[in-house]
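In: here is a sequence together with a model predicted from it:
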Amino acid sequence: MLTKRIIPCLDVKDGKVVKGKNFVNLKTAGDSVALAEKYSRNGADELVFLDISATDEGRKTMVDVVRKVSKNVFIPFTVGGGIGSLEDIRNLLNAGADKISINTAAVKNPELIKKAAKIFGCQCIVVAIDAKKVGGSYQVFINSGKKAAGIDAISWAKKVEKLGAGEILLTSIDKDGTKQGYDLELTKKVSAAINIPVIASGGAGSLSSLADVFKQGRADAALAASIFHYGKYTINDVKNYLKKQGVEVRV
Amino acid sequence: MRINNKQTIAIIDYGTGNLSSVKNAFAVLRQDAVITDKPNEIENASAIVFPGVGNFGFMMKQLIKRKLDVAITKAILDGKKFLGICLGMQALFEESEESPKTKGLGIFRGKVVKFTSGKVPQIGWNKILPENKKGKQKNNLFTESYMYFVNSYYIVPKDKSIIAAKTDYNGKFACAVKYKNITAIQFHPEKSGKQGIELLRRWLES
């Protein structure tokens, strides 16, 4: 059986991990490679690096981070944040990233998904969707969740699948940062609507919230940041719990 | 960790980009490897690694354009140690549902077919289950372990005796084959953590 994936997410600014600074027992806080190695050792199934640099200079350092990580960490990792062109994608993949995730640029220019999938293979093109409940439906937001794109999230998910996305990274804006659990309704709706894997994101809190997103939300993978960074749970804690709950995981 | 460093490994590049992770994984084992698209470098190497990603038809076109189809076939027939990974495994068969008009290398009889249930592609860690074999065919390379997969297609060899391991994705499929000097695997050892590196080590030592 294919196992459900647990994916820690690292926010990187100007080449340094920013959410990791309170990480328990880690001397080299801020060092992306050390953190990535630690998570890999602790059983992370994949990693996501989200570049939150505000400047082009800051973003360029991401390529160096990717190069270093790929020399030391032998699990798959995705890089996202500010990726807008085929050239950006090529640079990151050539530096050693396994997948890249595109968000705002995909909404503004859906052809980018199609072209990127054709050139690099759909397996390395993740489309990130930031969704928020507005009225009775889920709407797509862009520009780090600040701007409504005027598109329904479910139909957008279907469209990006057709365009060649290999996976969807689905973040609930309503739940993100709340630790109140994932948006199960959103996750389930998207997962049922498409035939490519869905990585759920936003709201990871208690151990049961992780079991819920797999069992009720039908997610294929779950992304979490703060619960791991601040040492609330280790990846092993999460996986052992999930295993007891009957969720197939790699332990 | 002791490895026979006299091997010269050529990693075949047909232009789809990132092969550094395979090279990096060998570097952990202190084994140098050269990434190349030149038939003569393949000729000079003592072992060949062929990792493939993307589309079957596109790959075959690129191989032919660079005369790598001939170089790979020759290396295999010369008895050189060969490791095919992912699409580099599928290339060894006669044809693929992904590109029905394109012929594969045809080293093995059989074809490549698409998953018909579950989410496609299969992405993530799945358990490989070694086939039990005796005598000469004894399986020392594969152990029951989780490996990282990314695939929409899988191989169906005509000769079932070459199957070295299987994996269950809504039904069992062949994820590894072994025949004489040829080893081919559907999963990515270079992305399968410690277990994957160990598999590469065993392959180097084999």
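Out: The structure has been received and is ready for your questions.

In: from here on, just use CA atoms for contacts and neighbour counts.
Out: Noted.

In: residue A:243: what's it in contact with?
Out: Residue A:243 makes contact with residue A:249 under the criterion Cα atoms under 8 Å, 6 or more residues apart in numbering or on different chains.

In: residue boundaries of the strands in chain B?
Out: Assigned by DSSP state E, chain B shows strands spanning B:9-12, B:33-36, B:47-52, B:81-86, B:95-96, B:110-114, B:122-130, B:145-151, B:153-157, B:163-168, B:172-179, B:182-185.

In: near chain A at all, the longest one?
Out: Read that as strand B:122-130. Yes - interface with chain A: strand B:122-130 contributes B:122, B:123, B:124, B:125, B:126, B:127 (Cα under 8 Å from any Cα of the partner chain).

In: now that strand against strand B:153-157, angle please.
Out: Relative orientation of strand B:122-130 and strand B:153-157, computed by axes from the mean of the first three to the mean of the last three Cα atoms, to 10 degrees: 30 degrees.

In: who are the packing partners of strand B:122-130?
Out: Other elements packing on strand B:122-130 under the criterion 3 or more Cα pairs under 8 Å, 6 or more residues apart in numbering or on different chains; DSSP states H and E are strand B:145-151, strand B:163-168.

In: which parts of that strand are buried?
Out: For strand B:122-130, burial by neighbour count (16 or more other Cα atoms under 10 Å in any protein chain shown) applies to B:122, B:123, B:124, B:125, B:126, B:127, B:128, B:129, B:130.

In: what sits closest to residue A:61 if chain neighbours are left out?
Out: residue A:15 (5.3 Å; Cα to Cα, 6 or more residues apart in numbering or on different chains).

In: so what's the backbone phi/psi at the one you found?
Out: For residue A:15, the backbone dihedrals are phi 90, psi 0 (criterion: degrees, to the nearest 10).

In: ok, how many other residues are close to it?
Out: Using other Cα atoms under 10 Å in any protein chain shown, residue A:15 is surrounded by 23 other residues.

In: what pLDDT does it get?
Out: Residue A:15 carries a pLDDT value of 80.

In: who's in contact with it?
Out: By Cα under 8 Å, 6+ apart, the residues touching residue A:15 are A:32, A:58, A:59, A:61, A:62, A:64, A:65.

In: can you redo these as a markdown table with pLDDT?
Out: Formatted as a markdown table, these follow (pLDDT from 0 to 100):
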| residue | pLDDT |
| --- | --- |
| A:32 | 85 |
| A:58 | 79 |
| A:59 | 81 |
| A:61 | 88 |
| A:62 | 91 |
| A:64 | 92 |
| A:65 | 92 |
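
In: in a markdown table, list the strands of chain B along with mean pLDDT.
Out: As requested, those are exported to a markdown table (pLDDT from 0 to 100):
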| stretch | mean pLDDT |
| --- | --- |
| strand B:9-12 | 96 |
| strand B:33-36 | 95 |
| strand B:47-52 | 95 |
| strand B:81-86 | 97 |
| strand B:95-96 | 98 |
| strand B:110-114 | 97 |
| strand B:122-130 | 97 |
| strand B:145-151 | 97 |
| strand B:153-157 | 98 |
| strand B:163-168 | 97 |
| strand B:172-179 | 97 |
| strand B:182-185 | 98 |
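
In: I'd like those strands as TSV, with distance to residue A:47 appended.
Out: Listed next are the strands of chain B as TSV, based on distance: least, Cα to Cα, whole Å:
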stretch	distance to residue A:47
strand B:9-12	26
strand B:33-36	26
strand B:47-52	22
strand B:81-86	21
strand B:95-96	31
strand B:110-114	27
strand B:122-130	12
strand B:145-151	13
strand B:153-157	25
strand B:163-168	24
strand B:172-179	24
strand B:182-185	23
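
In: ok, the residue of the stretch 101-250 of chain A found nearest chain B to residue A:147 distance?
Out: Nearest to chain B, among the residues of the stretch 101-250 of chain A, is residue A:121, at 4.4 Å (Cα to the nearest Cα). Residue A:121 is 30 Å from residue A:147, where distance means Cα to Cα, to the nearest Å.

In: more neighbours: which of these two?
Out: Neighbours per residue (other Cα under 10 Å) separate residue A:121 from residue A:147, with residue A:121 holding more: 19 against 11.

In: OK, contacts around the more buried one?
Out: Contacts here follow Cα under 8 Å, 6+ apart; on that basis residue A:121 touches B:53, B:54, B:55.

In: ranking by neighbours, what's the top pick from those residues?
Out: Most surrounded of those: other Cα under 10 Å gives residue B:53, at 23 neighbours.

In: surely it meets residue B:86?
Out: Yes - using Cα atoms under 8 Å, residue B:53 is in contact with residue B:86, at 6.8 Å.

In: where exactly do the strands run in the stretch 51-200 of chain A?
Out: Ranges of strands in the stretch 51-200 of chain A, per DSSP state E, counting those that start in this stretch, are A:77-80, A:99-102, A:125-134, A:137-142, A:147-152, A:167-172, A:198-201.

In: right, so those: which one is the most enclosed?
Out: Highest mean neighbour count of those: strand A:198-201, a mean of 29 (counted as mean count of other Cα atoms under 10 Å in any protein chain shown).

In: and the residue nearest to residue A:61, how far is that from residue A:246?
Out: 38 Å.

In: likewise for residue A:7?
Out: Here residue A:7 is placed at a distance of 19 Å from residue A:246 (Cα to Cα).

In: and these two? Which one has more around it.
Out: Legend: neighbour count by other Cα under 10 Å for residue A:7 and residue A:246, higher for residue A:7 (25 against 10).

In: what's the neighbour count on the closest residue to the more buried one other than its chain neighbours?
Out: Using Cα to Cα, 6+ apart and skipping the chain neighbours, the partner closest in space to residue A:7 is residue A:223 (4.7 Å). Neighbours of residue A:223 under the rule other Cα under 10 Å: 23.

In: might one say that residue A:223 is in contact with residue A:201?
Out: Yes - the criterion here is Cα under 8 Å, and residue A:223 meets it with residue A:201 at 5.0 Å.

In: what residues does chain B put near chain A?
Out: Contact residues, chain B versus chain A (Cα under 8 Å from any Cα): B:16-21, B:24-25, B:53-55, B:118-127, B:146, B:150, B:167-170, B:190-194.

In: quick one: buried ones out of those?
Out: Taking 16+ other Cα under 10 Å as the criterion, what is buried in the residues of chain B next to chain A is B:16-21, B:24-25, B:53-55, B:119-127, B:146, B:150, B:167, B:169, B:190-194.

In: good, wrapping up.
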